[in-house]
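**Student:** sequence-free structure coming up:
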């Protein structure tokens, strides 16, 4: 056999045992009379010592070693004279009696250690080397443990894991589809699923009342730290449920995951916050509750004092940055520059400094001290705080102030990755209006059920209708979301009409689902959790990339495999495809 033990398991209790290890050479230290080798596999590192009385072949092999050589070592476990408390195996070493080089290795393009000297692009190109590094190994192990915990919990709750196809029919709404040409059906295309939404609903029609799947999904959209073109969902659906049933079981699931994986116990129910409250208090439908700095509506106090910026604005809103009254002009200018960035889009920033002796603001000439203090009090400011204020169209100003709130929290070190603040956001708007196309779009998807008490407004006032939908949010990230689905063909037809689908278009795109509903669709609902995001949350990282074995870069390219790439003209001809030059 190649090994009797792994490189992370030997301890003092193994002293005097003869063992065989195999792995990669992390480091070689040749001290003349002795050579020390750090041998690594995914379980850890063991120090190997080649002494001057070791067999000549062993000493000769040790002299040839370089970083990342693959070797096999047989020897006796001995107690180290100088122990290393930073290593799990730091009390012992293996005195080599036989050393075999299984494979030589070129010097890697970056150090394969806890902290590498390789940049992102270089490590992505040699991802198979990057995956040898301990941080990525820990990430992959965490991902595995979490997947097993998901399956254990859902299996005990009666859920069946059922696979759904990757080649499906393209449907509108949501992000762009990735499309796949069909050779057997010329000029026709499959789409890769953005999620198994309609398929899991069909499983409910089929009578499989509790379904889940840890499934790959695909969306052709611009990338960011928590988004990849292919990603993994924990996809779930249940029959004969209302919203409360879904939230109850998946709140228990979330608490189980925190306890099982991180040994963190939540004893209190998760907070539930209506969408409008989340927007008005935090400027986001995925608020970060690890710190305060809630928003205050200052519109009434700010308007009517001759400051045209506020007088002309629909909405004036601010928050108290705790302990920031001592900020210098340079620090305040830095925050002003931040909100003026194109990604935020504000035109400027108004501030109020609250001190023991009174208040001072950037708009003092328009307001009396009492009027400025009234705004500071409304924002909940105390002595030592700095109130930061933006204005404009209501939801635009709220979103901009949210970006500032998170930036201030980042600078103050308040976004502790080891602290978790989960909540449910509920009562989302059913529709959102698009000025460019002059029509409503589904905020979630067209199969989301409206709140029963809002159905009467579907025709007269669609903007007033709330969705029977819910998101699971933690630390400012949407981890999962779902809804109670429409199971009535009549109501579904009404929703399609509100969304601008003609009956013919609805039949063409979703006829398979509507036909299935004619055969007895149960009331059903569910949700899907972003598994990659959940892993990065539990791992304390903002990027999901290190929790995916082979991710794409920010341009959606696989720089390791050099994809996407051109295909052979013969393949194009076989698929009845012609290429055209893209327009600028």
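**Tutor:** Cool, got the structure. Quick caveat: nothing in here was measured; it's all calculated off a predicted structure.
**Student:** report the buried residues of stretch 75-85.
**Tutor:** Of all the residues in stretch 75-85, those buried under the rule 16 or more other Cβ atoms under 10 Å are 75, 77, 80. No exception for glycine: its C-beta is placed from N, CA and C like everyone else's.
**Student:** what are the ranges of the strands in the stretch 1-150 of the chain?
**Tutor:** Remark: strands assigned in the stretch 1-150 of the chain by DSSP state E, counting those that start in this stretch are 18-30, 35-41, 44-50, 70-79, 92-103.
**Student:** in TSV, list those along with mean pLDDT.
**Tutor:** Formatted as TSV, those follow (pLDDT from 0 to 100):
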stretch	mean pLDDT
strand 18-30	97
strand 35-41	97
strand 44-50	98
strand 70-79	98
strand 92-103	98
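**Student:** and the ones you listed, which is most packed in?
**Tutor:** Ranked by mean neighbour count, the strands of the stretch 1-150 of the chain are led by strand 44-50 with a mean of 23 (mean count of other Cβ atoms under 10 Å).
**Student:** what residues are up against residue 61?
**Tutor:** By Cβ atoms under 8 Å, 6 or more residues apart in numbering, the contact set of residue 61 is 71, 99-101.
**Student:** right, and the pair among those with maximum separation?
**Tutor:** Spanning the widest gap among the contacts of residue 61 are 99 and 101, at 7.5 Å by Cβ to Cβ.
**Student:** any common contacting residues for these two?
**Tutor:** Here residue 99 and residue 101 have 61, 71 as joint contacts, going by Cβ under 8 Å, 6+ apart.
**Student:** surely residue 470 meets residue 526?
**Tutor:** No: checked against Cβ atoms under 8 Å, the pair residue 470 and residue 526 is beyond contact range at 10.6 Å.
**Student:** identify the contacts common to these two.
**Tutor:** Common neighbours of residue 470 and residue 526 (Cβ under 8 Å, 6+ apart) are 246, 482.
**Student:** which of the helices or strands spans residue 281?
**Tutor:** According to DSSP states H and E, residue 281 maps onto helix 275-282.
**Student:** packing partners of that helix?
**Tutor:** Under the contact criterion of 3 or more Cβ pairs under 8 Å, 6 or more residues apart in numbering; DSSP states H and E, helix 275-282 touches helix 394-412, strand 422-426.
**Student:** who touches that helix?
**Tutor:** So helix 275-282 is contacted by 273, 284-288, 294-295, 297, 395, 398, 402, 405, 425-429, 466 (Cβ under 8 Å, 6+ apart).
**Student:** ChimeraX command for the buried members of those residues?
**Tutor:** Here is the ChimeraX command that selects only those of those that count as buried (16+ other Cβ under 10 Å):
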select :273,284,285,286,287,288,294,295,297,398,402,405,425,426,427,428,429,466
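**Student:** mind listing what's buried in the longest helix seen in the chain?
**Tutor:** In terms of residue count, the longest helix belonging to the chain (DSSP state H) is helix 134-156. Of all the residues in helix 134-156, those buried under the rule 16+ other Cβ under 10 Å are 136-137, 139-140, 142-143, 146, 149-150, 153-154.
**Student:** list the strands paired with whichever helix or strand comes after it, with their directions.
**Tutor:** Per DSSP H and E, helix 134-156 leads on to strand 160-161 as the next helix or strand towards the C-terminus. According to DSSP bridges, strand 160-161 has the following sheet partners: strand 210-218 (parallel).
**Student:** relative orientation of the partner strand and helix 134-156 in degrees?
**Tutor:** 150 degrees (axes from the mean of the first three to the mean of the last three Cα atoms, to 10 degrees).
**Student:** helices and strands of the protein: which one has the lowest mean pLDDT?
**Tutor:** strand 439-442 (a mean of 84; mean pLDDT, DSSP states H and E).
**Student:** that one: what's the following helix or strand?
**Tutor:** Reading on from strand 439-442 to the C-terminus, the next helix or strand found by DSSP H and E is helix 457-460.
**Student:** which neighbouring elements make contact with that following helix?
**Tutor:** Contacts defined by 3+ Cβ pairs under 8 Å, 6+ apart place helix 457-460 against helix 489-498.
**Student:** what is the burial count for the residue lying closest to residue 400 once chain neighbours are set aside?
**Tutor:** Computed as Cβ to Cβ, 6 or more residues apart in numbering, the closest residue to residue 400 that is not its neighbour in sequence is residue 346, at 4.6 Å. Look at residue 346: counted by other Cβ atoms under 10 Å, it has 20 neighbours.
**Student:** these two touch, right, residue 346 and residue 340?
**Tutor:** Yes: under the criterion of Cβ under 8 Å, residue 346 makes contact with residue 340 at 6.2 Å.
**Student:** just to revisit the earlier point, quick one: closest of the helices and strands packed on helix 275-282 to residue 440.
**Tutor:** Going by Cβ to Cβ, the one of these nearest residue 440 is helix 394-412, 16.3 Å.
**Student:** how about that closest one: buried residues?
**Tutor:** So for helix 394-412, counting by 16+ other Cβ under 10 Å, buried means 394, 396-409, 411.
**Student:** quick one: the helices in the stretch 301-450 of the chain, in order.
**Tutor:** 308-311, 329-340, 369-378, 394-412 (DSSP state H, counting those that start in this stretch).
**Student:** distance to residue 253 for the ones you listed - can I get that in TSV?
**Tutor:** Listed next are the helices of the stretch 301-450 of the chain as TSV, based on distance: least, Cβ to Cβ, whole Å:
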stretch	distance to residue 253
helix 308-311	46
helix 329-340	38
helix 369-378	40
helix 394-412	27
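**Student:** let's have the ones you listed in CSV, adding distance to residue 267 and mean pLDDT.
**Tutor:** Formatted as CSV, the helices of the stretch 301-450 of the chain follow (distance: least, Cβ to Cβ, whole Å; pLDDT from 0 to 100):
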stretch, distance to residue 267, mean pLDDT
helix 308-311, 45, 97
helix 329-340, 38, 97
helix 369-378, 34, 97
helix 394-412, 26, 97
